[in-house]
Structures are given as C-alpha cells and as structure tokens.
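[1] Structure of the sequence below:
(one chain, ligands or ions: 1)
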Amino acid sequence: MTFTFVTLFSNLVEGYFNDSILKRAIEKNIFSVKYLNPRDFSLNKHSKVDDTAVGGGAGMVMNPQPLFDALDSLKKEDENVYIVFLTPVAKPFVQNDAKRLSNKSHIAFVSGRYEGIDERVIEKYADEVFSIGDYILTGGELASLVICDAISRNIEGVLGNSDSLTVESFETPLLEAPSFSKPKLYEGLSVPSEYLKGNHSKIRSLKLAMSECKTKFFRPDQLKKHCQGVK
Ligand code: ADE
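    Prediction:
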C-alpha cells in the first residue's frame, strides 16, 4: 500500500510517520508514504499556485494548472491510484470508509490551502471527497493525516493485536466500554469490582451496560441504531 500526500506543506505531514505504530509499519514495508508538491509543477515564473477567486469572494483559490499536472504525473506513474480530496464541503469520513479504503493499493490525499481548490480539479480527478467534521481547518493536511491514520490501522499487520479492531467503537453502533489498566486501586479510585472477580460472562454484561450508558449520553443517534438492530 502507498499513501501519497499531495500538499504544498509536506513538513506538516512528515513528522506524524516518524514515531510509534505507523513508523514501525513503514519499517516493516506494510505501507510507504510519498509526497508530491503542486508548486513543483507550477508553470508560473514565480511558482505561484493560487489566485483570487473568479466572480469575487474572499481569499485565494488554488489554481487548476499545478494540480492538473501533478495529478496527471501521479496517474501516469500508477493508473490505479485512488484520489481523495479533503474539504469541509463533502460527506463525513466514517469508520466504514477507513475499512473499505484499507484494501486500495495506492491512495493520494489532495490537501487544499487558502480558501480551497478550483472546483474543476475536484470534478476531474476526485474518486472520493471527504470532510472530517463540521469545522474549518486552515488546510487539508490534518484531515488527510486523520484519514490516513484511520485507514492504515485497518491494514493487516499494522496493529500488534488485530482483536483490537473488532471490539472498538463504531464496529457496532455502541461506543466502546471504558478500559482500565493497573494498579487496580489508584489514589483511592478502584476499577469496577466486577472486572476484578474474573467472571467473564458478568464482565461482558457489565461492559455492554456501560457501552449503552456511554452511547446514550454521548451519541444518542448511535444508540437509536443499536436499538433498531442496525450493524
Ligand atoms: N479542510 C478544511 N477543513 C476541513 C475539514 N473539516 N475536513 C476536511 N478537509 C478540510
């Protein structure tokens, strides 16, 4: 699997892969990360990549030319590359998308800066367009990292224990039950006593009750799906 970040600011992205689980996955050749800077494709004599919006409007918009040429070169190198754009004007990214996209061989994340990307680029090249939430970031880089992280932990071999994938929140409509580590008693605060007794069927039903409680409090929309038996 390859992830290509199409961005003017690869420095913002690179650090995330320099430590922890994703660094180890790269060292094990489970996936690789590449960067493509649209500025390197700009035909403008000052390597400009943005301009004011046609028809008015605040801020600068990324020009089509550098992105068309960057994405053409990417497609020429790998015709199977799956091109994802990050913008707040899109459907929300969810766990099912993370699972589905973990089967692709090559995903390119195209990040906009400034007020966004000329719509013709999205129209021509997008296989899919995602938002990571109802708020506006200064650019798509963080959004592309969020999505890349969520996808990569579903690739076989990235997580040490693949069981962690099956009991997580959003694998079912219920949020995950709370977890505790050692010591069992810390500063007068105990883990739930049922967890200590080792009766696994009781622990399971307590965890289910706590999952339902958390879901009811934080995500009533998800609890509704659970009650309707939606997977
Ligand atoms: N770019 C700016 N804001 C964004 C968001 N919420 N999701 C994805 N890309 C973005």
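
[2] Which is the succeeding secondary structure element to the longest helix belonging to the chain?
    Using DSSP state H to define each element, the chain has its longest helix at helix 200-218. Downstream of helix 200-218, the first helix or strand assigned by DSSP states H and E is helix 220-227.

[3] List the buried residues of that following helix.
    222, 223, 226 (16 or more other C-beta atoms under 10 Å). C-beta here means a position set from N, CA and C on the backbone, and glycine is covered the same way.

[4] roughly how far apart are the second one and the ligand?
    In other words, residue 223. 25 Å (C-beta to the nearest ligand atom, to the nearest Å).

[5] now swap in the first one and tell me
    Here the criterion is C-beta to the nearest ligand atom. By it, residue 222 lies 21 Å from the ligand.

[6] Any idea how many residues pack against the nearest residue to that residue once chain neighbours are set aside?
    Nearest residue to residue 222, sequence neighbours excluded (C-beta to C-beta, 6 or more residues apart in numbering): residue 173, at 4.5 Å. Each residue near residue 173 was counted by other C-beta atoms under 10 Å, and the total is 20.

[7] now do residue 22
    Other residues lying near residue 22 total 21 when counted by other C-beta under 10 Å.

[8] And it, which helix or strand is it part of?
    helix 20-27.

[9] Show the subsequent helix or strand relative to that helix.
    Next along from helix 20-27, by DSSP H and E: strand 32-36.

[10] Please work out which residues outside the longest strand that the chain contains touch it.
    With secondary structure taken from DSSP state E, the chain has its longest strand at strand 82-92. With contact meaning C-beta atoms under 8 Å, 6 or more residues apart in numbering, strand 82-92 is reached by 71, 74, 101, 104, 106-112, 116-117, 121-122, 125-137, 140, 143-144, 147.

[11] Would you mark the buried spots in that strand?
    Buried positions in strand 82-92, judged by neighbour count with 16+ other C-beta under 10 Å: 83, 84, 85, 86, 87, 88, 90.

[12] Around the ligand, which positions in this structure sit nearby?
    The chain comes close to the ligand at residues 86, 87, 88, 131, 132, 133, 135, 136, 137, 140, 143, as judged by C-beta under 6 Å from any ligand atom.

[13] per-residue confidence at the last one?
    Translated: residue 143. What the model reports as pLDDT for residue 143 is 98.

[14] For it, which residues are in contact?
    86, 111, 130, 131, 132, 137.

[15] I'd like to know the beta-bridge partner residues of the first one.
    Listed beta-bridge partners, residue 86: residue 111, residue 130 (assigned using DSSP bridges).

[16] From residue 106, how far out is it?
    According to C-beta to C-beta, to the nearest Å, residue 86 stands 17 Å off from residue 106.
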